[in-house]
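K.L.:
Show me how the following folds:
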Amino acid sequence: MDFAEIGRWQDEGLNTVAVSSGSILDGVDAVTEPYQVSHHIGYLLHTAVDHLHTLTMVMGQAGAQHTFAPYTLIRAAIESASTALWILQAESPHEVARRSLQLEYADLNDLKRANQSVDPAAGHDEVRLEVFAHCLSRHGWKDPEIKPRPPGPLKIIQETSKHFDVFGAAVMWQMCSAAAHGRRWAREYLTLFEAQDDGRSKVLSGRLVSDESAIAMALHIACCIVRKAKTVQGAFSKNPLHSGTSFSRPAPELQIVRPGLYLPR
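P.N.:
Next comes the predicted model:
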């Protein structure tokens, strides 16, 4: 397994992608402030890379290869990076912004449920809820657009892996989740069994051990999703009129030169 790319991502941190004026993310940030979509994407990718880098530290530097723990880290990376891609895969900037805010509201509800574990009568965090409500009203968002529960992690991963052609992402996330929660069905795909036969009884004894090839396959899928998310993040952070893409992107129809200011669509 080559951990060099993950190391570069970790070294780059959050400050490698600047949102340029006139870019898609610049536009959607303006209608989601103070819940800027670019910050949301950066947080999700930081989460993914942080988990992957932990894996490289454990396996690459400490030289340890645990049986199940690698899959919990890879699972988190697949889920976080896929969520970033799900936000960015939307066909319009409006939908990019809406999906991000929908997830932000789900986050407020998750916080409420966490508080209810301590105090069953707890409601929403009033300060955070007020900030969120002010964001919606200031930018013209309606509750039915934002407050329905977003798709769950599996649905998000299925959608993004199909859209961005990442083969096996959904089933790998399911197997990694099984490993994280002690579900036995995935062990035959993710682990090896070292059997010991005493030559006398009819019972085999042994132990489950890690399977390096399975870890490598899961890690490959996670890195592929992170890589694609970073690519789209970079493209959405650039102003196409200043990056050269406007000169190479085919126009949908013949452009007729007319007097006056030309506003690209």
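
K.L.:
alpha carbons only for contacts and neighbour counts from here, please
P.N.:
Fine.

K.L.:
where are the low-confidence patches of the stretch 101-250 of the chain?
P.N.:
Within the stretch 101-250 of the chain, the segments meeting pLDDT under 70 span 204, 242-250.

K.L.:
ok, now which ones touch Pro203?
P.N.:
Rather than Pro, residue 203 is Val. Counting by CA atoms under 8 Å, 6 or more residues apart in numbering, Val203 touches Asp197.

K.L.:
Which secondary structure state does it sit in?
P.N.:
In three-state terms, and counting by DSSP: H, G, I helix; E, B strand; the rest coil, Val203 is coil.

K.L.:
Check the gap between it and Asp119 for me.
P.N.:
Val203 sits 51 Å away from Asp119, going by CA to CA, to the nearest Å.

K.L.:
Neighbours of Pro144, how many?
P.N.:
8 (other CA atoms under 10 Å).

K.L.:
tell me the pLDDT at the residue nearest the centre of the chain?
P.N.:
Most central in the chain under CA atoms, centre = their mean is Ala81, positioned 2.0 Å from the mean C-alpha point. At Ala81, the predicted lDDT confidence score is 98.

K.L.:
And the one 10 residues further on, by the same measure?
P.N.:
What the model reports for Glu91 is a pLDDT of 87.

K.L.:
Using the three-state scheme, assign it.
P.N.:
Following three-state DSSP, we place Glu91 in the coil state.

K.L.:
Offset the numbering so it begins at 395, please.
P.N.:
Sure, I'll start counting at 395 from here, so that last one is Glu485.

K.L.:
Looking at the backbone only, give me phi and psi for it.
P.N.:
The phi/psi pair for Glu485 (degrees, to the nearest 10) reads phi -80, psi -20.

K.L.:
now Glu588
P.N.:
Per degrees, to the nearest 10, the backbone of Glu588 is at phi -90, psi 100.

K.L.:
residues touching it, list them.
P.N.:
Each residue near Glu588 by CA under 8 Å, 6+ apart is listed here: 600-603.

K.L.:
Distance to Glu582 and secondary structure added to those residues, as CSV?
P.N.:
Listed next are the contacts of Glu588 as CSV, based on distance: CA to CA, whole Å; DSSP: H, G, I helix; E, B strand; the rest coil:
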residue, distance to Glu582, secondary structure
Gly600, 14, strand
Arg601, 13, strand
Leu602, 10, strand
Val603, 11, strand
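
K.L.:
out of the residues you listed, which are buried?
P.N.:
Among these, the ones that count as buried by 16 or more other CA atoms under 10 Å are Val603.

K.L.:
and which of the contacts of Glu588 is nearest to Gly562?
P.N.:
Closest approach to Gly562 among those (CA to CA): Val603, at 23.0 Å.

K.L.:
Just the pLDDT for Pro658.
P.N.:
The model's pLDDT for Pro658 equals 51.

K.L.:
Centroid-wise, who is the farthest residue in this structure?
P.N.:
Relative to the centre of the chain, the most outlying C-alpha is that of Arg594, 52.1 Å out, by CA atoms, centre = their mean.

K.L.:
ok, Ala412 to His433 distance?
P.N.:
When CA to CA is the yardstick, Ala412 and His433 sit 11 Å from each other.

K.L.:
ugh, typo on my part, it should be Ala610
P.N.:
From Ala610 over to His433 the distance is 30 Å, taken as CA to CA.

K.L.:
Ok, Gly546 next?
P.N.:
To His433, Gly546 is 21 Å away according to CA to CA.

K.L.:
Would you mind telling me which of these two has the busier surroundings?
P.N.:
Set Gly546 next to His433 and count neighbours by other CA under 10 Å: His433 wins out with 15 against 9.
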